[in-house]
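A.B. asks: I'll drop the sequence and a predicted model, then ask my questions.
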Amino acid sequence: MSVVPRLVGAVEDRWPASDTDRQGVSGESTHEATPPGDELSQVLLASHLLGADRAVANYGGGNTSAKGFATDHLGRELAVMWVKGSGSDLATMGPGDFTRLRLDEVQALFAREHMSDDEMVAYLARCQLDPEAPRSSIETLLHAFIRSAHVHHTHPDAVNVLAGTRDGERLVAECFGNEAAWVPYMRPGFSLAKRVGEEVGGNPALRLVVLAKHGLVTWGDSAAEAYRRTIAIVNRAAEFVNARAGGTPRFGGPLPGMDDVARQQVLRAVLPVVRGAVSSETEKVLVVDTSAPIEEFVSSRDAEEIVTIGAACPDHLVHTKRVPLWIPYDSESDDAESLGARIRELSARFRADYEAYFARHADDGAARDDPDARVVLIQGVGLIGAGTSTKSARLSRDLYQRAVEVEAGAHALGGFTSLTEAESFAIEYWPLERYKLSLAPLPGELQGQVALVTGAAGGIGRAVVESLAGAGACVVALDRDGDGAADAVEAFGDSAVAVRGDVTSEADVQSGFAAAVESYGGVDIVVSCAGIASSAPIEETSLEDWNRIHSILVAGYFLVAREGLSILRAQDRGGSIVFVASKNGLAAGRNAAAYSSAKAAELHLARCLAEEAGPYGVRVNSVNPDAVLEGSRIWDSSWREERAAAYGIAAEDLGDYYRSRTTLGVTVLPQDVAQAVLHFASSARSGKSTGNVLNIDGGVAAAYPR
């Protein structure tokens, strides 16, 4: 097992270099020169640099501000403050993510003794120069009440080690002396802002404020000065922590570990179980972390106790919940079956505990969140982040990575501490914190679900991939043409993966589903779309051709359905299997006995599977397209010439022929078939349908089901 020797690491000063340096307070090296640009450009640069290192600023967390002058809609020059807008991220925000406020109106609030959150939000909205700008940060008043031109609030690992240690106030004083003020934990808002403003205004020697259990506040006359002070303070804290406790084994030292091969085998076996267990109310996708720091943590003596203490930063709560789900595991005595049973049992207990936590603290009429765990830790194995999208699952994972770093240092320095249960609830269900969540795009119809599509590089397969991914599903695209599959999913980023594989190969099919498990935790929708065709009179059909067609269209569909059903059963959340069959499965095709009989076998296989899978909540349905020429690899082969010859027409007239024989007189496109697949994939549309056949053929009377 890899061991991470340090407790916390140093961070890099990335401010653009200049020719003149000066030595600043707290030992930070400050450049006089700054890159060209106005105050907004400067604070934007500082924001990007702070956000680029997640050991300094969490995703979506922290805030920055600048004070200067700007003109209003009448052309008057006013003193203003630019402050980060709520819901943006320091690393990626643009100029439009800052809100301008009339500085004198905001600073006038310092004279008040009390202000409620609702009053504060309403007041600040009236101070905005642009009513269409984002709502200003929760911490706006903190930035205003510190009179310096630039203020930065971050959550660095090294500083949060001190902020999250039981004896943090004493340790901060030892580390920073009279340059630092310690503010006991207070929820952000007017009272905290006023307390910080009083500390800074009343002590010119201060260079930083440490907010207990929360983070760091720094300031300066320029963006460069404030940024460099932050970096210097973080590195000074890291040096202090490592000097005090760097020789202490992280988390009490290691327990016997397991090798990487065994770890991957365990994960492959139990990830679908985990996924089903944490999807009691909303479907989740999973991401896995078995990196060295996480491996060290989950394989340590004290981790089981540490995980019960609470979040390492208030900003984590809405994404990680107060505590993770800890799953004990002994590789010597536990097998996959017993581990799976434990995961289900402890997941149910986690939900019950969360519901009780909510009941203890919620006001009447409050809406409870999804009660499932967002972070799952399996002892000796790794960390699993869960979310309704890859983005949210990765965020849960990434924030807990930061928590592990903070917990390591705090535990070694005398004990990690966190918000109380009541304080945690007050943040997790705080309207101002939850407002950020409301800014997220509306979820897609298939949000949190995972689909595996075979034949994904073809015309229909590609359209199915686009339809399901467009509805919010994560997609695994399987095709013998790996490059074509990759091209089909390229637009969907980390919400889709391509796998090269042949559906006639049992190993390839297993690899495709393994990719779904490893990438997203499992699968909900299985679409068999791999296709092949040939046309010849029965006397001219070779056994080789017959077997080749049946191996892909029958055996291939069987292998995909069998492997998919085993994962769906492990998840115990139902699911959907869709066969893309053909009109030929219902209507006999001249000179196409091999193809038509294989398609008929698909339809009956689907009906048989519907009976087998129904008791597990898994629906199995078929879509029957006909004559989908556009984008089709089948129709670009000899199949076009062969079918035209069977009808006694020229190949170029085939499209007109097929259209003319339909009742509706239409051409069937790949997107039409994809919409039918989406219908059966969606439980909202067809949740009580199984064993059905939906023709997408424009109306071919001979193929009407009867």
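C.D. replies: Good, I have the coordinates.

A.B. asks: who's in contact with Ala262?
C.D. replies: Ser331 (C-beta atoms under 8 Å, 6 or more residues apart in numbering). Just so you know, the C-beta spots here come from the backbone N, C-alpha and C atoms, and that holds for glycine as well.

A.B. asks: From Trp326, how far out is it?
C.D. replies: Shown here: Ala262 relative to Trp326, a distance of 20 Å by C-beta to C-beta, to the nearest Å.

A.B. asks: With Val159 instead?
C.D. replies: 27 Å.

A.B. asks: who's more crowded, the two?
C.D. replies: Set Val159 next to Trp326 and count neighbours by other C-beta atoms under 10 Å: Val159 wins out with 32 against 21.

A.B. asks: any idea whether the residue positioned nearest the centre of the chain is helix, strand or coil?
C.D. replies: Nearest to the centroid of the C-alpha atoms of the chain, with distances taken as C-alpha atoms, centre = their mean, sits Lys391, at 2.3 Å. Here Lys391 takes the helix state, with states given by DSSP: H, G, I helix; E, B strand; the rest coil.

A.B. asks: what do you get for Leu383?
C.D. replies: Leu383 ends up strand, using three-state DSSP.

A.B. asks: Can you report how many residues neighbour the nearest residue to it once chain neighbours are set aside?
C.D. replies: Ranked by C-beta to C-beta, 6 or more residues apart in numbering and with sequence neighbours excluded, the top spatial neighbour of Leu383 is Asp289, at 4.3 Å. Asp289: 20 surrounding residues under other C-beta under 10 Å.

A.B. asks: Show me which helix runs longest in the protein.
C.D. replies: Identified as the longest helix of the chain according to DSSP state H is helix 336-361.

A.B. asks: elements contacting that helix?
C.D. replies: helix 260-277, strand 325-327, helix 421-428 (3 or more C-beta pairs under 8 Å, 6 or more residues apart in numbering; DSSP states H and E).

A.B. asks: Quick check: which of those is buried the most?
C.D. replies: Mean neighbours per residue, mean count of other C-beta atoms under 10 Å, is largest over the helices and strands packed on helix 336-361 for strand 325-327, with a mean of 24.

A.B. asks: Mind listing the strands that strand pairs with, and their directions?
C.D. replies: strand 375-378 (parallel) (DSSP bridges).

A.B. asks: mind checking how far the partner strand is from the chain centre?
C.D. replies: Relative to the chain's own centre, strand 375-378 is displaced by 15 Å; criterion: C-alpha atoms, centre = their mean, to the nearest Å.

A.B. asks: Could you list the buried residues of that strand?
C.D. replies: 375-378 (16 or more other C-beta atoms under 10 Å).

A.B. asks: cool, and stretch 306-320?
C.D. replies: Neighbour count says stretch 306-320 has 306-307, 309-320 buried, by 16+ other C-beta under 10 Å.

A.B. asks: biggest separation within these, which pair?
C.D. replies: Ile306 and Val318 (21.1 Å; C-beta to C-beta).

A.B. asks: about what we covered before: do you know which of the helices and strands packed on helix 336-361 lies nearest Gly589?
C.D. replies: Per C-beta to C-beta, nearest to Gly589 of the helices and strands packed on helix 336-361: helix 260-277, 39.2 Å.
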